[in-house]
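In: Here you go, sequence then predicted model.
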Amino acid sequence: MTVGCDSASMAPIPDLAEPTHIAGLKHGMIWTESATGLGKLPATGAFYCCIGPKHAKGAYTEARAFAVTGPLAEKLVASARKKNVVDLSGDVVARPPRLVAGATVGANRHPYMKVLFAFTPRLGHSHDTHILDSHTGTHLVPPAYALPRKGFDNGE
C-alpha cells in the first residue's frame, strides 16, 4: 500500500498529519510526499520505485521516487508480487566524518549527520532529518579528487 501526493504532507500540519501517518503506517503503508509528475502515470500498470538511504534505526528517509511503465513494468510488478526482490543496500549510520587518503585530500569527506528537530509526545518519538552530501554511502571519488596534476600531458 503506497500513497503519493504532491504536497509536503499527507494531511494538514500540525493537527492531522501525525494521526494520518500513524493510521497508515500501522498497516505497513508507505507515504511518498512532495512527488511530481504523478498525473503522467497510467491509472494502472506502472511499477513504483523509491530509492533512498536506509538510516540505521530510522522510521523514514529522504528518497528519489520514479516509475517504470510499459512491458518492463509488467515484468517488475510480477516479480514484486512473487516477492522475488532482494534489498542489497546497507544501513547508513551517523558517525564522525571519514578521512579519505589520496592526492589533495586532507579534509573530511562524505559527511552524514542525524539531526533531531522535533519531539512527538504521543509517540514518545523524536523526529529527525539527515544532512548528507551526494556521495554518502558510496565509494565514488568525486572528480576534483581525481583530476590530473597541473601540466599533465595525456600524449606521453
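Out: On my side now, so go ahead.

In: doesn't A67 make contact with P42?
Out: No - the pair P42 and A67 does not pass the contact test of C-beta atoms under 8 Å, sitting 9.2 Å apart. Backbone N, C-alpha and C define where each C-beta goes, glycine included.

In: more neighbours, these two?
Out: For P42 versus A67, the count of surrounding residues by other C-beta atoms under 10 Å is larger for A67: 18 against 10.

In: list the contacts for the more buried one?
Out: Listed by C-beta atoms under 8 Å, 6 or more residues apart in numbering, the contact set of A67 reads L41, A46, F47, Y48, C49, A73.

In: wait, the fourth one sits on R64?
Out: Translated: Y48. No - the criterion here is C-beta under 8 Å, and Y48 misses it with R64 at 11.9 Å.

In: Tell me the one among the contacts of A67 nearest to T20.
Out: Closest to T20 out of the contacts of A67 is Y48 (19.9 Å), distances taken as C-beta to C-beta.

In: The closest one belongs to a strand, doesn't it?
Out: Yes - according to DSSP: H, G, I helix; E, B strand; the rest coil, Y48 belongs to a strand.

In: what is it paired to in the beta sheet?
Out: A67 (DSSP bridges).

In: now D91
Out: Beta-bridge partners recorded for D91 (DSSP bridges): K54.

In: burial measure for it, as a count.
Out: 11.

In: which stretches of this protein form helices?
Out: Along the chain, counting by DSSP state H, helices occupy 17-25, 71-81, 143-146.

In: Mind listing what's buried along the first one?
Out: Of the residues in helix 17-25, E18, T20, H21 count as buried by neighbour count, 16 or more other C-beta atoms under 10 Å.

In: hmm, back to that, which among the contacts of A67 end up buried?
Out: Using 16+ other C-beta under 10 Å as the burial test, the contacts of A67 include A46, F47, Y48, A73 as buried.

In: Identify the farthest-apart pair in the residues you listed.
Out: The largest distance within those, taken as C-beta to C-beta, falls between Y48 and A73 and amounts to 9.4 Å.

In: got the contact list for the nearest residue to V3 once chain neighbours are set aside?
Out: Excluding the flanking residues, the one nearest V3 by C-beta to C-beta, 6 or more residues apart in numbering is W31, at 5.9 Å. Neighbouring residues of W31 by C-beta under 8 Å, 6+ apart: T2, V3, G4, M10, H21, G24, L25.
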